[in-house]
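Enquirer: Here is my input; please provide its structure:
(one chain, ligands or ions: 2)
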Amino acid sequence: METILLKTPTTSGTIRVGTDVIDARLHVLTAGQKNFVVTDSNVYALYQDWFARYFNGAEIFVLPAGEENKNFQSLYAILEKMSAVGLHRNSRLFAVGGGVVGDIGGLAAALYMRGISCVQIPTTLLAQVDSSVGGKTAVDLGGVKNIVGAFYQPCEVLIDPAFLRTLPPREIKCGVGEIVKYAALNGKIFDILEENTDKLTDLAFLTELIVACVQHKANVVQADEKESGERRSLNVGHTTGHAIELSSGLSHGESVLYGMLFETRMAIGAGVCESAYGQRLLALVEKAIAIAPNTDVDFSQIDKDAEKARSDKKNLDDGKIKMAVAKDKNEWTMFALGFEEYRTALLQAVK
Ligand code: NAD
Ligand code: GLY
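Expert: Numbers count the residues shown, from 1 in each chain. Ligands and ions are numbered 1, 2, ... in the order given. Sure, this is the predicted structure:
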């Protein structure tokens, strides 16, 4: 088992990675208080025996699977159930699932009685390499991604790569998308990926990368928990990615991959990203997309989606669209364009 500590000015948490983490930690974490589990319908159906074994007697809230359920109605239903079953301040919430469950479950834990203990048990590759770590919790509202949320650190994150065995290729691709994001920020991860592009669906290989990504994220979050500086780097590809996600029906990980593709091309075109390095990064992005190609995506109308980038949380009141982009190996920067410039550059980038 690998153990990574994440300490912020106000809290600390432990991230554990390995196929032994559940047996080693769950009986300790579930003992001595009421427990409440949030999961989704797919995970619950696949892992019913697992839930019966580790959460016998706990209240289990099963959210219908899908990003469209990461909303206020679901949050309200979870909080209502937490209250109805009489959770107290010392009760503990376990979020068992992908990033949707982690985000909404974490937010419910942050809100209930102004905050109860939360454990994240991520079951998708995307959640294992990224979303379960760092304490961002949120729901979507009014067609805007993650617009209502809180920074709320889990006391523990248990990452068991065995969950990845049931993931379909499309979900593996989404997780690899976030790994490519870490490659854009971290030269060591970049080199490992570039040297092993034939292993992007090899679970043993991906498992090795989980620790490297989580360690990178923990370092960034420790330095800048509330995203006023360095943490903005973790949004590489996300400004355009969120716009694509809201407009296209593609999932988060896939949208971020296309976001990275287009934003890197824009950054190369503007001279912001070093060209030879940028081409190597684009090659990694394209390899990830090829894991489960989207045969039916059409970006010819992307200038309409561009409008959605206006609501990105990195934007300020100056009307500019802000993107976190790779500049060179181990280097990133914020790249800002006025809206019309952004729309034009994006149209150019999809060609
Ligand atoms: P998801 O939670 O929707 O999971 C993807 C699909 O995989 C779902 O259908 C789910 O039911 C299924 N699934 C989960 N575990 C499985 C397993 N072990 N086997 C088979 N199927 C399984 O999506 P995601 O890609 O995990 O996460 C995307 C979400 O995460 C988005 O809402 C995004 O905004 C959020 N996110 C948050 C952060 C953060 O820092 N908080 C970072 C990145 C993404
Ligand atoms: N996924 C971006 C962040 O956690 O900051």
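
Enquirer: chain center to stretch 152-165: distance?
Expert: 13 Å (Cα atoms, centre = their mean, to the nearest Å).

Enquirer: That one near ligand 2 anywhere?
Expert: No: using Cβ under 6 Å from any ligand atom, stretch 152-165 never reaches ligand 2; the gap is at least 11.5 Å. C-beta: built from backbone N, CA, C; applies to glycine.

Enquirer: Report the buried residues of that stretch.
Expert: Using 16 or more other Cβ atoms under 10 Å as the test for burial, stretch 152-165 gives 152-154, 156-161, 163-164.

Enquirer: Between these, which sits nearest L316?
Expert: Proximity of the buried residues of stretch 152-165 to L316 (Cβ to Cβ) peaks at Y152, which lies at 24.1 Å.

Enquirer: and the protein, which of its residues are near ligand 1?
Expert: So the chain meets ligand 1 at 40, 42-43, 46, 65, 67, 70, 97-101, 103, 123-124, 126-127, 130-131, 134, 136, 145-146, 163, 166-167, 171, 174, 251-253 (Cβ under 6 Å from any ligand atom).

Enquirer: Go ahead and build a PyMOL selection from the buried members of those residues.
Expert: The PyMOL command for the buried members of the residues of the chain next to ligand 1 (criterion: 16+ other Cβ under 10 Å) is given here:
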select buried, resi 40+42+43+65+67+70+97+98+99+100+101+103+123+124+126+127+130+131+134+136+145+146+163+167+171+174+251+252+253
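
Enquirer: Which ones among the residues of the chain next to ligand 1 lie within strands?
Expert: Judged by DSSP state E, strands contain the following of the residues of the chain next to ligand 1: 40, 97, 136, 145-146.

Enquirer: need the buried residues of stretch 152-165 in TSV with secondary structure and pLDDT, can you?
Expert: Formatted as TSV, those follow (DSSP: H, G, I helix; E, B strand; the rest coil; pLDDT from 0 to 100):
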residue	secondary structure	pLDDT
Y152	coil	97
Q153	coil	97
P154	coil	98
E156	strand	98
V157	strand	98
L158	strand	98
I159	strand	98
D160	coil	98
P161	helix	97
F163	helix	98
L164	helix	97
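
Enquirer: Tabulate these in a markdown table, adding columns for distance to A345.
Expert: Below are those laid out as a markdown table (distance: Cβ to Cβ, whole Å):
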| residue | distance to A345 |
| --- | --- |
| Y152 | 36 |
| Q153 | 37 |
| P154 | 38 |
| E156 | 43 |
| V157 | 37 |
| L158 | 42 |
| I159 | 37 |
| D160 | 42 |
| P161 | 39 |
| F163 | 39 |
| L164 | 36 |
